[in-house]
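Visitor: have a look; sequence and predicted model below, questions after that.
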Amino acid sequence: MPESIKFDSNNYRKHSDKNKSLIRKSLKECGAGRSIITDKNGEIIAGNGVYEQAKALNIPLKIIETDGKELVVVKRTDLQTTDEKRKKLAEWGLR
């Protein structure tokens, strides 16, 4: 993973071990299903917990640059409407 991504030094949301475990489980079972947000300097604005667990699992990054004027869509080409993994991703997204 690129070292240009930095954790938010002022992150007020501290994840419990249980929450970290749930994030890790979701990433292991379903793969990456959502993005994180960084500023132009690579410091995380949202997604510190997801990044931490993805880094621990050696999940590679794909950085998409945007100025916030367009919606970035994550299209999972490995999933179809009837896939069980798709349902799990939707359920994890509600947590």
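Guide: Good, I have the coordinates. Numbers count the residues shown, from 1 in each chain.

Visitor: now for the strand or helix carrying Gln53, which elements pack on it?
Guide: Using DSSP states H and E, the element containing Gln53 is helix 48-56. On a contact count with 3 or more C-beta pairs under 8 Å, 6 or more residues apart in numbering; DSSP states H and E, helix 48-56 meets helix 17-30. Where C-beta positions appear, they are placed from N, C-alpha and C, glycine not excepted.

Visitor: so how far is the next helix or strand after the helix it packs on from its chain's centroid?
Guide: Downstream of helix 17-30, the first helix or strand assigned by DSSP H and E is strand 37-38. Centre-to-centre, strand 37-38 and its host chain are 10 Å apart (C-alpha atoms, centre = their mean, to the nearest Å).

Visitor: quick one: the helix holding Gln53 to helix 17-30, angle?
Guide: 60 degrees (axes from the mean of the first three to the mean of the last three C-alpha atoms, to 10 degrees).

Visitor: give me the buried positions along helix 48-56.
Guide: 48-54 (16 or more other C-beta atoms under 10 Å).

Visitor: so how far is it off the chain centroid?
Guide: Using C-alpha atoms, centre = their mean, the offset of helix 48-56 from its chain centre is 7 Å.

Visitor: same question, stretch 31-45
Guide: The answer for stretch 31-45 is 7 Å, by C-alpha atoms, centre = their mean.

Visitor: can you dump the C-alpha atoms of it in PDB for me?
Guide: Included here for stretch 31-45 are C-alpha records, laid out as PDB according to Å, rounded to 0.1, in the frame of the first residue of the first chain:
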ATOM      1  CA  GLY A  31     -13.600  -7.800  -0.100                       C
ATOM      2  CA  ALA A  32     -13.600  -4.000  -0.300                       C
ATOM      3  CA  GLY A  33     -17.000  -2.600  -0.700                       C
ATOM      4  CA  ARG A  34     -16.600   1.100  -0.100                       C
ATOM      5  CA  SER A  35     -14.100   3.800  -0.400                       C
ATOM      6  CA  ILE A  36     -12.300   6.000   2.100                       C
ATOM      7  CA  ILE A  37     -11.700   9.700   1.800                       C
ATOM      8  CA  THR A  38      -8.400  11.500   2.000                       C
ATOM      9  CA  ASP A  39      -7.400  15.200   1.600                       C
ATOM     10  CA  LYS A  40      -5.000  16.300  -1.100                       C
ATOM     11  CA  ASN A  41      -2.100  15.500   1.300                       C
ATOM     12  CA  GLY A  42      -3.200  11.900   1.700                       C
ATOM     13  CA  GLU A  43      -4.500  12.300   5.300                       C
ATOM     14  CA  ILE A  44      -7.600  10.200   5.900                       C
ATOM     15  CA  ILE A  45     -10.800  12.200   6.400                       C
END
